[in-house]
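Student: Sequence and predicted model, in that order:
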Amino acid sequence: MRKTVLLCSFLMALSASAEKVIKTTPQTFLQDLETVKQAVQNQSEDIVVELKGGTYSLTQPITLNEAYSGQNGHRVIFRAARGETPVISGGVRVTGWQHVSGPLYKAPFKSDEKLRSLFVNGQRCRMAGGRALEKGMGTVDSVEIKGTEPWALGAGKNVDGIKFMAGKEMGLFHNPEDIELVQKRVWSEKIICVRDLEKWGDTIVVRLQQPYGYIVNSLGWSARLKPLGGDFYVRNAYELLDEPGEFYFNRKEQMLYYYSRGENMAEAEVIAPVSQGLLRIHGSSLNSRVENLSFEGLTFSYDAWNLMEVAGSHGFCGIQSLGLSVKYIPDGNWHPHKYNNCDVPEGTVDVQNARNIRFERNNFTHVSAAAGVCMMNDVQHSDVIGNRFIDISGTSVVVGHPQHYEIGDGTGKYAPEVEGLCQYINVNNNYVRNVCLDFRQIEAMIAFFVANCHFDHNDIQYTPYGAIAVGWWWGNAKTEPCKLAKKNSICYNKAGYTHQFLHDGGILYMLGHQPGSVLNRNYLFKGPRCIYPDDGSAGWRINENVVDALSQLWYHLASDRNFDIIAKNNYVKDNRLIDNGTGTKVLNTHAFRNTDFSDEAKKIMSEAGIEPEYRDIIPAEEPAIIHLYPAFPAEAWHD
């Protein structure tokens, strides 16, 4: 027995020492990355890059390609030094503040890019904006689109601008190229950038940046722009800078203006994001992937993102979720084009053509990208586990791409030798709060066409739209369903207080055919259409979920194009549901309208969310809710 104990102790010590440690600091980090490239060439043990505490400042993302891959079955691990907090930061500190008048201050800041985010003493600020919504008065100037443009998928007509009544919230503002218009419609919210303003009598004509203006005005369904009678929020003009916590950056003057909340600006830490993303893990092809990298205990903060760019114009629009439009479609119907009009923006951390990549116990905070972690193309056997996502402009994690409706067809973004399905990915045990702050039409976690992916044991609350969305393709598409998506899991999640701003969708949302997929033992609360297999969904087993939502649909299966879906042994506070599927079944639902949930249900509730091994990532106090937009009246909800 004693020999066995000694042997185990020896093996454990040997295992602990079987790694090469490269200690790095903010001053030596880039140089030490070159050391990593040399060390992996004859790798016989794990390589640990131990990051000391401090700020690792970037003006552009770190790129790790195949040359940094762990070799011979070993990994390269980027790990925080014990008890220390290394911060990978894309921000620069702004100093030299001068008092202008009242609470208004200014400071010099050098950048040619629009500034969309600012943080003062760790608190997110918002672009200067109006206090009321402005109604559109229709469009101006019809424009012919030939269909031969690289950004067009057909010929048609579109418009160049939108008319508004002149007033305080919409005037002949200086620097029109900085201005953004924001419009929401049911489940979508568009951000449209301006190129010029003109005064026509008592109206203001807003000329949109093109061709993105044509693209946003060609969307179908409720995502289409509503220029006549639709409400618009106007922001990012100096003339609108009049409330505490607002800022405006004048690129022509290279001057940043801030309307103080009462801070001592001589001592305040003001961070302006400048790096467009922080980390790129990009292989070259299906046969040349980045492999065997881990990231542990790091903080990723203060990146920048200036919206989708098409031929020099910018904006943010898409028919749904994070499938953003980058091509003009004359009739707005994207289905016949196999979603090749869509793209997904790169994340703060972006992974493509990669395998065995792991993010564990990291903090993503003060993030400005549309996604904290984006695993967009050909990512396999990878993990996003036990991370905190707090204070993020977009989603926490997105996996896959809408163009993966077909793989290797060579008709869209990816060459056949580059395009690959994302599969065998675990997004588990993550704590998610204050996400989708700026890009409110996207869910807190997203997947498109994926296979064998798990979104399990996450804790997600207070979202402007849904919590988790998995899948793509609609039953009304009049195209064949994708045959690649399958065997996905949405289980043991704790999610609630969703749909704080936008309508439609559900707390947990599924789309398309996904045979062999499961949605089990989730605890859902305070949200509408709590479990929502949308039009064309199939292949799901929905078992033993607890839904605590009074006067809401716990189950919303509205289309007869849904099939092969069975919901069984679910526990609900209010047994309201719609089941119009073909051959679908709802079996043994347990309702507790006026009583406590049963012990079986309470067990599910206690097991949902983050598992014990990772519960130390949960903050001692619930983070304060961040509101990046003014509080405008909400639309009435319709089932």
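Tutor: Nice, I can see it. As the structure is a computational prediction, the values presented were derived from the model and not from experiment.
Student: rest of the way, CA atoms for contacts and neighbours
Tutor: Noted.
Student: and the residue nearest to P528 when sequence neighbours are not counted, what is it in contact with?
Tutor: Nearest residue to P528 in three dimensions, chain neighbours excluded: Q552, at 5.4 Å (C-alpha to C-alpha, 6 or more residues apart in numbering). Q552 makes contact with 527-530, 574, 576, according to C-alpha atoms under 8 Å, 6 or more residues apart in numbering.
Student: Would you format those residues as a markdown table with distance to I271 included?
Tutor: A markdown table is the format used below for the contacts of Q552 (distance: C-alpha to C-alpha, whole Å):
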| residue | distance to I271 |
| --- | --- |
| G527 | 35 |
| P528 | 37 |
| R529 | 39 |
| C530 | 38 |
| D574 | 47 |
| R576 | 48 |
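Student: Out of these, which is nearest to W221?
Tutor: Nearest to W221 out of those is R529 (C-alpha to C-alpha; 20.1 Å).
Student: Give me the local confidence score for that closest one.
Tutor: Looking at R529, its pLDDT is 94.
Student: Numbering from 664 from now on, please.
Tutor: Okay, using 664 as the starting number, the last item reads as R1192.
Student: Does it touch H1166 like I think?
Tutor: No: using C-alpha atoms under 8 Å, R1192 is not in contact with H1166, being 10.0 Å away.
Student: Using CSV, write out every CA atom in stretch 1254-1273.
Tutor: Output of stretch 1254-1273 as CSV, limited to C-alpha atoms (Å, rounded to 0.1, in the frame of the first residue of the first chain):
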residue,chain,number,x,y,z
ALA,A,1254,-48.5,22.4,-13.8
PHE,A,1255,-48.2,24.3,-10.5
ARG,A,1256,-50.3,27.4,-11.0
ASN,A,1257,-51.2,27.9,-7.4
THR,A,1258,-48.8,25.6,-5.6
ASP,A,1259,-45.0,25.3,-5.1
PHE,A,1260,-43.0,23.3,-7.6
SER,A,1261,-42.6,19.6,-6.7
ASP,A,1262,-39.4,18.2,-5.2
GLU,A,1263,-38.5,16.8,-8.6
ALA,A,1264,-38.8,20.3,-10.2
LYS,A,1265,-36.8,21.9,-7.3
LYS,A,1266,-34.0,19.4,-7.9
ILE,A,1267,-33.8,20.5,-11.5
MET,A,1268,-33.8,24.1,-10.5
SER,A,1269,-31.0,23.5,-8.0
GLU,A,1270,-28.9,21.7,-10.6
ALA,A,1271,-29.4,24.2,-13.4
GLY,A,1272,-26.8,26.9,-14.0
ILE,A,1273,-23.2,26.7,-13.1
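Student: how about it: buried residues?
Tutor: 1254, 1260, 1264, 1267-1268, 1270-1273 (16 or more other C-alpha atoms under 10 Å).
Student: And for it, what's in contact with it?
Tutor: Residues contacting stretch 1254-1273 (C-alpha under 8 Å, 6+ apart): 1092-1094, 1119-1122, 1155-1158, 1184-1186, 1207-1209, 1234-1238.
Student: Weed out the non-buried ones from these.
Tutor: In the contacts of stretch 1254-1273, the ones that pass as buried (16+ other C-alpha under 10 Å) are 1092-1094, 1119-1122, 1155-1158, 1184-1186, 1207-1209, 1234-1238.
Student: Which residue, other than its chain neighbours, is closest to P999?
Tutor: T1142 (6.9 Å).
Student: and N927, how many neighbours does it have?
Tutor: By other C-alpha atoms under 10 Å, the residues close to N927 number 10.
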